[in-house]
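Participant: this one's sequence-less:
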């Protein structure tokens, strides 16, 4: 397997969109810092309210999410198997040609992906090949 760089964005409009998003994000970040710097010193009361609100709001949102998931479990019951979805496709999001035997890969314990600028190969390494762990 070769280590190659990820392919560039798929066209000038894609590049422009990414540049606009980055500029907007940095502008928003700088704008909020400008507002903070213009306000001067903050009272300890505001900071206590901010921390206290976060200590209440975050557990409430988390509890809501847990209850939502438990409700799904109560309606549908435990999962019996992995949901089967159609996985065959010829191109990935970047327009690279995909080479894979998806029916064989469904039973694989692990999969290696060899990616170049033009193609992507999904491979099930042979039994004798050592598995590389992520660092």
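Facilitator: Yep, it's here. Computed from a predicted structure; not experimentally measured.
Participant: for the rest of this, base every contact and every neighbour count on C-alpha atoms.
Facilitator: Fine.
Participant: which positions within stretch 30-50 qualify as buried?
Facilitator: Buried residues in stretch 30-50, counted by 16 or more other C-alpha atoms under 10 Å: none are found.
Participant: just give me how far that stretch sits from the chain centre.
Facilitator: 32 Å (C-alpha atoms, centre = their mean, to the nearest Å).
Participant: same thing with stretch 51-58?
Facilitator: 26 Å.
Participant: pLDDT on that stretch, on average?
Facilitator: Average pLDDT, stretch 51-58: 92.
Participant: quick check: buried residues in that stretch?
Facilitator: Going by 16+ other C-alpha under 10 Å, stretch 51-58 has no buried residues at all.
Participant: same for the longest helix along the chain, what does it pack against?
Facilitator: Using DSSP state H to define each element, the chain has its longest helix at helix 44-76. Helices and strands in packing contact with helix 44-76 are not found; criterion 3 or more C-alpha pairs under 8 Å, 6 or more residues apart in numbering; DSSP states H and E.
Participant: now the helix or strand immediately after that helix in the chain: average pLDDT?
Facilitator: Going down the chain from helix 44-76, the next helix or strand is strand 97-99, by DSSP states H and E. Strand 97-99 shows an average pLDDT of 91 in the prediction.
Participant: quick one: low-confidence ranges for this protein?
Facilitator: Counting by pLDDT under 70, the chain shows low-confidence ranges at 1-9, 87-88, 126-135.
Participant: residue ranges of each domain in it, please.
Facilitator: Following the assignment in automatic domain parsing, the chain carries domains at 17-76, 83-124.
Participant: residue nearest the centroid of the chain?
Facilitator: In the chain, the residue lying closest to the centroid (C-alpha atoms, centre = their mean) is residue 93, at 14.1 Å.
Participant: quick one: contacts for that residue?
Facilitator: Contacts here follow C-alpha atoms under 8 Å, 6 or more residues apart in numbering; on that basis residue 93 touches nothing.
Participant: please renumber the chain so that the first residue is 27 from this point on.
Facilitator: Sure, I'll start numbering at 27, so the last one becomes residue 119.
Participant: tell me which residues of stretch 142-155 come out buried.
Facilitator: Buried-residue list, stretch 142-155, by 16+ other C-alpha under 10 Å: 142, 146-150.
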